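Visitor: take this sequence and fold it.
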Amino acid sequence: MRELRGGSRWMRRPTDAPRYLVHARLFALAMVIHLTLPENLAIDRLGATALGMLGALALAIDGWPVGWPLVLASKLWALAIGDVLTQSFYLTAVAAAATACTLGSASGLAWRTDRPLALLVRVPTVALYALAALHKLNRGFFDVQRGCAAEGLRILAENWSLPWLATLADAPLLPHAFLLAEIGVSVLLVLWPAAGIALAALMHIPLTVVFAPAFAAPMVSGWVAFLGTRDLVWLRRLWRRRWPFFVGFGVGAGSFTFALYLRDHHILYPFWHLKEAALWMLSAWALTALATRPRSVLRRWGAWREPVGSRGLFAAVALALLCVAHGLTPYLGLRFHGTGAMLSNLRIDEGCWNSLVFPESMRLVDPYVRFDEVRVGGRFDGAERTRRWLLDGLHDRRVLAAHVRHVCARGAGPIAVRGRWRGEPFRLDDLCDVERWPFAARWLPRARPFQSGLPRQCAQRCMHRARRRRRPFARDASHRGAAPIRPRTRARAPALARTPSRARARTRNVGPHHQAIRWAPPDADPETPPVALLRRDRRERRSACDPVCAARTRPRRATCRMPAGRAASGPRSRVSCQGASPCTAAWAERMSRPRCSRSQRRARS
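Guide: Sure thing, here's the model as predicted:
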């Protein structure tokens, strides 16, 4: 065993098992990818991010056990100040299990960090996939108009510039297919882990493109725990023999989708495309290993066959019960974020309960704050917008406090409100006095256990899409930021009257593989999905700014204004299309103006 001279047990590799080192280094890579997300680079999280980076460095060097408690402290710190990602809870669970295995006597450290630790990593991995499928068993997910499966396919079609792919989003079997794939991953990871890993790698490709750019990396580190030593040796041997094919396939598939992306996009995100290409490569590797495996490797049940002893089995059962209890907290009204309910369209609030498995009587409390009457005072130009936002939404009390402080600092107030919380009515003369709220959060005021900005109407689009539209305040520019974005209020020309360059300048990209969501025109239907608005605007810009109209007419001789005593002329196309749209008319008028050639401009100067 390699170790530092005079180093303690925390600064050396605890076991010679190759699985531990591979898992530790992949976990370190996943932590680096996770910590480079925009929300983890915010000012208030820099301390937690630095601590997590230090732990990842210790694990990457040689699997030093000191990295596990550092990562655990980092993630607990981030969760306490507002981290809501499901992958954060998964990383916390794995770091806590590894920290527990490194504690105790030094004589059994090598054994505890091999098979028992692998078992404790497999449990939350399977539980996360199973809970994610369980939460999707609701009426909202099976809605082909608003469900996350249909919305995700539309965004994928927008990213890859394949309009025909968006037509498949209306297929009623699409949500069922995605749900079966997620259930299949959780089942195969138990019965045949190698097949489950291959299916999971394929499933994570569209998820990485559309919704979760960093979710695959933590799960890939967990897949190693399902493989034994023989499996890892066979995979290494296969990689050494065929790595040009795997790398070539990943680069080729990633380059092809990147070329599709460039057809309608101009902003590049190399790191995002690199992760997509890596998943293509990993899928090819896993499928090739399954097709060419000997009988003695990648067997059914995989590492589940390994004995772990009574203590390891007891710890695994306790961790499984804890994961299931935490995953069911949405139905009790105790928590939503971090339970695997992402991309599920699950609603747990009063009157909008949509689960097909659990009854609404399970909910202990309704956790959201509702406002029935709002009066905004003070000199504040966004008073009506703020009032509508408070009335039309369901609010988490912790997020609501941060937003109200921001609004009141801009001059709003007093804000007289009347509403309900946990079934009890309340009335406040001034909402700006946060300390006197009857629903104020006394413990961990910056934590975010529930969704924010939910609409009161039950018909709701996928939350990853709805949170990017019509949010009243500006605070965070990241597409996953905790604070909403204030829309522009100054007068603007109609969207159809803009030139192509101006239309492009007013298009805001929220992410490399998300659709470019522009601000809707004033006469747009608020229920129209943003991807439909973008598609309509793009069709009109293409039809309006196409040179076909100019090709139908004859060129004419237009005289340029020259200095006194000189005159020159040059060919210019006269554009005149009957029944043209406003964009076409504006473009035609601009194109029909006389222009001087370069030599004429030099002569004029």
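Visitor: can you check which helix is longest in this structure?
Guide: Among the elements of the chain assigned as helix by DSSP state H, the one spanning the most residues is helix 229-262.
Visitor: go through it and flag the buried ones.
Guide: Residues of helix 229-262 classed as buried by neighbour count (16 or more other Cβ atoms under 10 Å): 231-232, 234-235, 238, 242, 246, 249-250, 253-254, 257-258, 261. All C-beta atoms are positioned from the backbone trio N, CA, C, and that covers glycine.
Visitor: average pLDDT for that helix?
Guide: Throughout helix 229-262, pLDDT has a mean value of 95.
Visitor: now stretch 135-144
Guide: Here stretch 135-144 scores 93 as its mean pLDDT.
Visitor: what about it, start to end distance?
Guide: Start-to-end span of stretch 135-144 (Cα to Cα, to the nearest Å) is 17 Å.
Visitor: can you spell out which helices and strands pack onto the helix or strand containing Leu199?
Guide: Using DSSP states H and E, Leu199 sits within helix 193-210. On a contact count with 3 or more Cβ pairs under 8 Å, 6 or more residues apart in numbering; DSSP states H and E, helix 193-210 meets helix 148-159, helix 174-191, helix 216-223, helix 270-292.
Visitor: send the alpha carbons of that helix over as PDB?
Guide: Taking C-alpha atoms only, helix 193-210 is exported to PDB below (Å, rounded to 0.1, in the frame of the first residue of the first chain):
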ATOM      1  CA  PRO A 193     -26.000  -4.100 -12.900                       C
ATOM      2  CA  ALA A 194     -24.000  -4.000 -16.200                       C
ATOM      3  CA  ALA A 195     -27.100  -3.800 -18.300                       C
ATOM      4  CA  GLY A 196     -28.500  -1.200 -15.900                       C
ATOM      5  CA  ILE A 197     -25.300   0.900 -16.300                       C
ATOM      6  CA  ALA A 198     -25.600   0.800 -20.100                       C
ATOM      7  CA  LEU A 199     -29.300   1.800 -20.000                       C
ATOM      8  CA  ALA A 200     -28.600   4.600 -17.500                       C
ATOM      9  CA  ALA A 201     -25.700   6.000 -19.700                       C
ATOM     10  CA  LEU A 202     -28.000   6.200 -22.700                       C
ATOM     11  CA  MET A 203     -30.800   7.800 -20.600                       C
ATOM     12  CA  HIS A 204     -28.500  10.500 -19.100                       C
ATOM     13  CA  ILE A 205     -27.500  11.800 -22.600                       C
ATOM     14  CA  PRO A 206     -30.800  13.700 -23.300                       C
ATOM     15  CA  LEU A 207     -31.000  14.600 -19.600                       C
ATOM     16  CA  THR A 208     -27.600  16.200 -19.800                       C
ATOM     17  CA  VAL A 209     -28.500  18.000 -23.000                       C
ATOM     18  CA  VAL A 210     -31.900  19.300 -21.800                       C
END
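Visitor: what about stretch 324-342, how long is it end to end?
Guide: Termini of stretch 324-342 sit 16 Å apart (Cα to Cα).
Visitor: what residues sit buried inside that stretch?
Guide: Residues 326-331, 333-342 are the ones in stretch 324-342 that count as buried (16+ other Cβ under 10 Å).
Visitor: kindly report the same for stretch 171-191.
Guide: Neighbour-count burial for stretch 171-191 [16+ other Cβ under 10 Å]: 174-175, 178-179, 182-190.
Visitor: same question for stretch 58-78.
Guide: In terms of neighbour count (16+ other Cβ under 10 Å), stretch 58-78 has its buried residues at 58-60, 62-75, 77-78.
Visitor: do the same with stretch 344-352
Guide: Ser344, Asn345, Leu346, Arg347, Ile348, Asp349, Glu350, Cys352.
Visitor: need the residues you listed in TSV with distance to Thr113 and pLDDT, can you?
Guide: Shown next, in TSV, are the buried residues of stretch 344-352 (distance: Cβ to Cβ, whole Å; pLDDT from 0 to 100):
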residue	distance to Thr113	pLDDT
Ser344	35	91
Asn345	40	91
Leu346	37	93
Arg347	42	93
Ile348	39	93
Asp349	43	92
Glu350	47	90
Cys352	46	92
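Visitor: which two in those are spaced the farthest apart?
Guide: Across these, no pair lies farther apart than Ser344 and Glu350, at 18.5 Å, counting by Cβ to Cβ.
Visitor: any idea how far Pro244 lies from Val251?
Guide: Noted for Pro244: a distance of 10 Å to Val251, by Cβ to Cβ, to the nearest Å.
Visitor: cheers, nothing more for now.
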